[in-house]
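>>> build me a model:
(2 chains)
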Amino acid sequence: MMRELVEYIAKALVEQPDEVQVSQVEGERSLIVELRVAPEDMGKVIGKQGRIAKAIRTVVKAAATKEGKMVHVEIID
Amino acid sequence: MRSIERSARTVEEAIAEALQELQVAREDVEVEILDEGSRAFLGLIGGKPARVRVTVRDKREEKAQAVAAFLQGILDRMGIAAKVEHSWQDDDVLRMDIQGEELGLVIGRRGETLDALQYLVSLAANKNGEWIRIILDAEGYRARREETLRNLALRLGERVKRTGRRAVLDPMNAMERRIIHLALQNDAGVETHSEGVAPYRRVIIAPRRNRTERT
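Numbering: from 1, shown residues only, chains lettered A, B, ... in the order given. All right, here's what the predicted structure looks like:
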């Protein structure tokens, strides 16, 4: 679910949606969502002073409260 | 919405005439073929002209629907049962209202999640085409918050005038600070300005030093 959410948002923001890759590592109480985009698109998912990344994390965090899990979104370069 | 009908010997000719008349390109219109027409036998007798209705596409509305669908897609993937209604406020301001039950999750603490959603939707909407401003609301949160902030501004404005001491407000985003400034802009007794750097930028309400009174 979190994976699909991050992928859906990221694809709408980047210039090369086909290059968006999202995987997730699930733990007992936490979930790590790893987001990869084309190098030229890094700015599109991070933003000035990380503003876009922060907005993505805020939305994901809200969605995750329903599942009672800590979710970390990591943008991999 | 502009729409016209044209007849010609063939469908293609009828479309071309309509485009000429409307002064738009083929990709900007929807074409409805009302009559395929038929050739006259040996070019002599019979034959019916082709008839088409050509309608200029409402690109603005198409964009609004695409943006609303994107937001709906996010909500679906968040596991939130809600629907999105949209309306144009001005030519370039698209309001979207999230309707459903228990939308606290969508709003978040002090509207944090709603602001994040608004920002992401705005980025996606403005990736190409003409720039539009997106305002997202859920359960009338924005209107309620605006009312709360306006009341706060008026109350603090009175206090500043009474005590002669300035009031420092909590950090707020640009939209919220604007509400405070607007609420007090016509108050001759106080002036407002902002200090600090986002996200810690805050409004200061100070007594206005009136030169004529001081001399």
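>>> tell me the mean pLDDT over stretch B:164-182?
If you average the pLDDT over stretch B:164-182, you get 93.
>>> quick one, helices of chain A?
When assigned using DSSP state H, the helices of chain A occupy the ranges A:2-13, A:42-46, A:51-65.
>>> run through the residues that contact residue 37.
Since you didn't name a chain, this refers to chain A. Going by C-beta atoms under 8 Å, 6 or more residues apart in numbering or on different chains, A:Val37 touches A:10, A:14, A:16, A:19-21, A:44-45, A:75. The way it works is simple: take the backbone N, C-alpha and C, and place the C-beta from them, glycine included.
>>> actually it's chain B I care about, not the one you picked
B:9-11, B:47-51.
>>> picking up where we left off before, now the helices of chain A in TSV, with mean neighbour count and mean pLDDT?
Listed next are those as TSV, based on neighbours: other C-beta atoms under 10 Å in any protein chain shown; pLDDT from 0 to 100:
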stretch	mean neighbour count	mean pLDDT
helix A:2-13	21	96
helix A:42-46	17	96
helix A:51-65	21	95
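>>> closest to B:Ala66 out of these?
helix A:2-13 (10.2 Å; C-beta to C-beta).
>>> just give the closest residue to B:Ala82, not the sequence neighbours.
Nearest residue to B:Ala82 in three dimensions, chain neighbours excluded: B:Gly100, at 3.1 Å (C-beta to C-beta, 6 or more residues apart in numbering or on different chains).
>>> try A:Gln21
Counting by C-beta to C-beta, 6+ apart, the residue nearest A:Gln21 is A:Arg36, at 4.3 Å.
>>> from A:Ile56, how far off is the one you found?
Between A:Arg36 and A:Ile56 the distance is 14 Å, computed by C-beta to C-beta, to the nearest Å.
>>> against chain B, how distant is the residue sitting furthest away from the middle of chain A?
For chain A, the C-alpha farthest from the mean C-alpha position belongs to A:Glu28; by C-alpha atoms, centre = their mean, that distance is 19.7 Å. According to C-beta to the nearest C-beta, to the nearest Å, A:Glu28 stands 21 Å off from chain B.
>>> now intersect the contacts of B:Gly37 with the helices, please.
B:Val11.
>>> now the contacts of B:Gly37 in CSV, with pLDDT?
Formatted as CSV, the contacts of B:Gly37 follow (pLDDT from 0 to 100):
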residue, pLDDT
B:Arg9, 88
B:Thr10, 89
B:Val11, 91
B:Gly47, 77
B:Lys48, 84
B:Pro49, 88
B:Ala50, 90
B:Arg51, 93
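>>> highest neighbour count among the contacts of B:Gly37?
Compared across those, B:Ala50 has the highest neighbour count, 20 neighbours, by other C-beta atoms under 10 Å in any protein chain shown.
>>> residues of chain B that sit close to chain A?
With C-beta under 8 Å from any C-beta of the partner chain as the criterion, chain B meets chain A at residues B:70, B:73-74, B:77-80, B:105-106, B:108, B:112-113, B:115-117, B:119-120, B:123-124, B:127.
>>> mind doing that once more with 10 Å?
For chain B, the contact set with chain A under C-beta under 10 Å from any C-beta of the partner chain comprises B:70, B:73-80, B:104-109, B:112-125, B:127, B:198-199.
>>> buried subset of those residues, written for ChimeraX?
ChimeraX command restricting those to the buried ones, with burial defined by 16 or more other C-beta atoms under 10 Å in any protein chain shown:
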select /B:70,73,74,75,77,78,80,105,106,107,108,112,113,114,115,116,117,118,119,120,121,122,123,124,125
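>>> in helices only, show me the residues of chain B next to chain A.
Going by DSSP H, the helices hold B:70, B:73-77, B:104-107, B:112-125 from these.
>>> residues touching the residue nearest to A:Ile32 when sequence neighbours are not counted, list them.
Among residues not flanking A:Ile32 along the chain, A:Val25 sits closest, at 4.4 Å (C-beta to C-beta, 6+ apart). Taking C-beta atoms under 10 Å, 6 or more residues apart in numbering or on different chains, we find A:Val25 in contact with A:31-34, A:72, A:74.
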